[in-house]
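Colleague: Build me a model:
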Amino acid sequence: MPDSASAGATWSGPGSGAHRGVVEVPLGTEPGSVVRIWVDEQGRQTPEPATDADTAFASAPAGISVYAVVAGAAVAVTDLRGRRLERRTPAAWEAEWVDVEPRRPGRPGG
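Modeller: Numbers count the residues shown, from 1 in each chain. The predicted structure is shown next:
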């Protein structure tokens, strides 16, 4: 069930003279009552501006998306770096072992 209705209204904007139009009013509003509306510089009716809470709520998905992209990139870079190190480690160990193995104590045949 709606909690508002449309009604004909007359209003004046700041420095723009009288205007007529249809506005949303709460159900049960008496004729001649004052109802607050938002108008632009020319006195034309406009939607109510967004509140700070509306702006924060609309910005949250963007912030979460940026965080997810940055975190994903950090994980990808870390994983790539780890894989490259993992490929180099056995080769480096083998190269050092070729140098150390002949000199190690307790070597069979040595």
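Colleague: Quick one: low-confidence residue ranges for the protein.
Modeller: 1, 13-14, 109-110 (pLDDT under 70).
Colleague: Kindly report the domain assignment for it.
Modeller: Domains of the chain are assigned by automatic domain parsing as 4-46, 52-103.
Colleague: From start to finish, how long is the shortest one in a straight line?
Modeller: This points to domain 4-46. Terminal residues of domain 4-46 lie 17 Å apart, using C-alpha to C-alpha, to the nearest Å.
Colleague: so how far is that domain off the chain centroid?
Modeller: Using C-alpha atoms, centre = their mean, to the nearest Å, the distance from the centre of domain 4-46 to the centre of the chain it belongs to is 35 Å.
Colleague: same check, this time on the longest one
Modeller: When distances are taken as C-alpha atoms, centre = their mean, domain 52-103 is centred 24 Å away from the chain's centroid.
Colleague: Then stretch 40-53?
Modeller: 24 Å.
Colleague: what residues does that stretch touch?
Modeller: 11-14, 16-17, 19, 21, 23, 37-39, 58 (C-beta atoms under 8 Å, 6 or more residues apart in numbering). Yep, even glycine has a C-beta here, placed from its N, CA and C like the rest.
Colleague: Tell me which of the domains of the chain is the most buried.
Modeller: Mean neighbour count (mean count of other C-beta atoms under 10 Å) peaks for domain 4-46 among the domains of the chain, with a mean of 12.
Colleague: Can you tell me which residue sits nearest the middle of this structure?
Modeller: A62 (1.4 Å; C-alpha atoms, centre = their mean).
Colleague: Next, give phi and psi for P26.
Modeller: P26 adopts backbone torsions of phi -60, psi 150, taken as degrees, to the nearest 10.
Colleague: Tell me the spacing between it and E48.
Modeller: 14 Å (C-beta to C-beta, to the nearest Å).
Colleague: Closest one to A5 out of the contacts of stretch 40-53, please.
Modeller: Comparing the contacts of stretch 40-53 against A5 with C-beta to C-beta places V23 closest, at 9.9 Å.
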